[in-house]
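Undergrad: Got a predicted structure here, sequence first:
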Amino acid sequence: MIKKIPSVSRRSVLKGAAAAGVIAGFPSIVRAQSKTLVTTLYGGIYEKNYRLAVIDPFEKKTGAKIEIKYGGSGEWFTSSVVNKDNPELDIAFLSLPVAMKAIKTKDVFIDLPLDVIPNAKDVDPIFYDLYDRKGVGFNYAPYGMVYRTDKVSPAPTSWGDLWKPEYAGKVLLPDLSGGGAYETIVIAAILNGGSETDLEPGYEALRKLKENVFRFYKNNNEPIPIYEQAQAIIGGWYSARAYAIADKGVPFDFTTPKEGSPVGVLSYHIAKNSPNRDLAVEFVNFSLSKEAQETFANNMEYGVVHKHANITGRARDRITPHDQLMRLDWKKIEPQMSAMAERWQREIVS
């Protein structure tokens, strides 16, 4: 069972000590809980499949109403901090590396141990322990190598292939705002003997790679016409984006390099002072169920965090499995991000 959180509507809350001690760190007074839950979400095809897998069946099961706030991780995190005493968001859906800031920020979000969200027992630790169990992932998008199959032969097998001289002026990589730039720095470092805490080899390698780069794209829509017109023929991008191009008939593919694919992850963070914590906890636990995870994965063709989700059909061929993921240590990367951004601008894209 999901551990319930006391609210003023329950008789047990009359005993102050019991109210304060249910989950470590929770305030002793909780406002009466409603049946409306406010959470965050990205729109478009993501929302369509998330509603199908999670929101619609949860509303049907519980009679609750899920209210959506659109936007981005940065603004959702800022709202959670600024409004921590009276949150406008019951659940913030955050991406890396913003989530790393969230778990270090005190008195904003609750801890999510197994006795609170028991379905997390089936979550791969990379999507749970990564957050010190103060948050938990829902799905992931692999960042790997993409290429024009009619222009690149043989198919790339390593991130190191981006440095091949035959790709001069034909490589497409993300800028800081495009998603994947920080990962690219770390990948370059690892390829050249460095690590998350020794990035110098990465900067040196990327300075050399500049000769091959056609453009550093600033958003994930920008590469579409570039690849369709074969102005660039190889680069780093997210799997679902690549398959969307292929589905239009363009000779295009995604591959997981032998070193692995880092991932973009969306994770749940429940507001500590939410008046609807019971419902929020129930919602997060529901989203981690095998059924919800399978429905989302097989329709969206994105990876999910459940270790035993049964991925079928086309999704099975398109989702990078857990054992092929590059498990970067974001706790080591996040504190360096300001310095990484400065050096990226000064040394790589300038």
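TA: Received the coordinates, thanks.
Undergrad: From here on, just use CA atoms for contacts and neighbour counts.
TA: Noted.
Undergrad: Dihedrals phi and psi, Phe93?
TA: phi -100, psi 100 (degrees, to the nearest 10).
Undergrad: Do you have the helices of the protein handy? List them.
TA: 16-20, 44-50, 56-62, 73-82, 98-104, 181-191, 200-209, 223-228, 239-246, 277-287, 290-300, 313-318, 330-333, 337-343 (DSSP state H).
Undergrad: and these as a markdown table, adding mean pLDDT and mean neighbour count?
TA: Output for the helices of the chain, formatted as a markdown table (pLDDT from 0 to 100; neighbours: other C-alpha atoms under 10 Å):
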| stretch | mean pLDDT | mean neighbour count |
| --- | --- | --- |
| helix 16-20 | 34 | 15 |
| helix 44-50 | 91 | 15 |
| helix 56-62 | 97 | 14 |
| helix 73-82 | 95 | 18 |
| helix 98-104 | 93 | 19 |
| helix 181-191 | 96 | 21 |
| helix 200-209 | 98 | 18 |
| helix 223-228 | 96 | 18 |
| helix 239-246 | 92 | 19 |
| helix 277-287 | 97 | 22 |
| helix 290-300 | 97 | 22 |
| helix 313-318 | 94 | 14 |
| helix 330-333 | 91 | 16 |
| helix 337-343 | 95 | 13 |
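Undergrad: Quick test: name the residue nearest the centre of this protein.
TA: Val265 (1.5 Å; C-alpha atoms, centre = their mean).
Undergrad: what pairs with it across the strands?
TA: Tyr140 (DSSP bridges).
Undergrad: Kindly provide the distance from it to Glu75.
TA: Using C-alpha to C-alpha, to the nearest Å, Val265 is found at 17 Å from Glu75.
Undergrad: try Pro87
TA: From Pro87 to Glu75 the distance is 13 Å (C-alpha to C-alpha).
Undergrad: who touches the closest residue to Tyr243 other than its chain neighbours in this structure?
TA: Distances taken as C-alpha to C-alpha, 6 or more residues apart in numbering put Asp253 closest to Tyr243, at 6.7 Å, once the chain neighbours are dropped. Applying C-alpha atoms under 8 Å, 6 or more residues apart in numbering to Asp253 gives the contacts 146-149, 242-243, 246.
Undergrad: per-residue confidence at Asp253?
TA: If you check Asp253, the pLDDT there is 97.
Undergrad: try the one 3 residues further on
TA: What the model reports as pLDDT for Thr256 is 95.
Undergrad: And it, its phi and psi?
TA: Dihedral angles for Thr256 - degrees, to the nearest 10 - are phi -90, psi 110.
Undergrad: Verify the stated contact: it with Ala141.
TA: No - using C-alpha atoms under 8 Å as the test, Thr256 is too far from Ala141 to be in contact (11.9 Å).
Undergrad: Once you drop chain neighbours, what's closest to Asn86?
TA: Asn273 (6.6 Å).
Undergrad: Does that neighbour touch Leu89 like I think?
TA: No - using C-alpha under 8 Å, Asn273 is not in contact with Leu89; the gap is 9.9 Å.
Undergrad: anything in contact with each of these two?
TA: By C-alpha under 8 Å, 6+ apart, no residue touches both Asn273 and Leu89.
Undergrad: first vs last residue of stretch 305-322, how far apart are they?
TA: End-to-end distance for stretch 305-322, by C-alpha to C-alpha: 8 Å.
Undergrad: Contacts made by that stretch with the rest, please.
TA: With contacts defined as C-alpha under 8 Å, 6+ apart, stretch 305-322 is touched by 122-124, 127, 137-140, 142, 239, 243, 256, 288-291, 293-294, 297-303.
Undergrad: repeat that for 6 Å
TA: If you take C-alpha atoms under 6 Å, 6 or more residues apart in numbering as the criterion, stretch 305-322 is touched by 122-124, 138-139, 290, 294, 298, 301, 303.
Undergrad: By neighbours, which of these wins?
TA: Neighbour counts for the contacts of stretch 305-322 peak at Gly303, which has 29 neighbours (criterion: other C-alpha atoms under 10 Å).
Undergrad: What does the pLDDT read for it?
TA: Gly303 is given a pLDDT of 95.
Undergrad: and it, what does it touch?
TA: 139-140, 297, 319 are the contacts of Gly303 under C-alpha under 6 Å, 6+ apart.
Undergrad: Equivalent analysis for Ala280, please.
TA: By C-alpha under 6 Å, 6+ apart, Ala280 lies in contact with nothing.
Undergrad: What separation is there between it and Val81?
TA: To Val81, Ala280 is 18 Å away according to C-alpha to C-alpha.
Undergrad: Any idea what Thr36 is bridged to?
TA: Bridge pairing for Thr36 - DSSP bridges - gives Lys65.
Undergrad: Thought Gly63 was touching it, still the case?
TA: No - using C-alpha atoms under 6 Å, Thr36 makes no contact with Gly63, being 9.3 Å away.
Undergrad: ok, these two, which is more surrounded?
TA: Between Thr36 and Gly63, counted using other C-alpha under 10 Å, the more crowded position is Thr36 (16 against 11).
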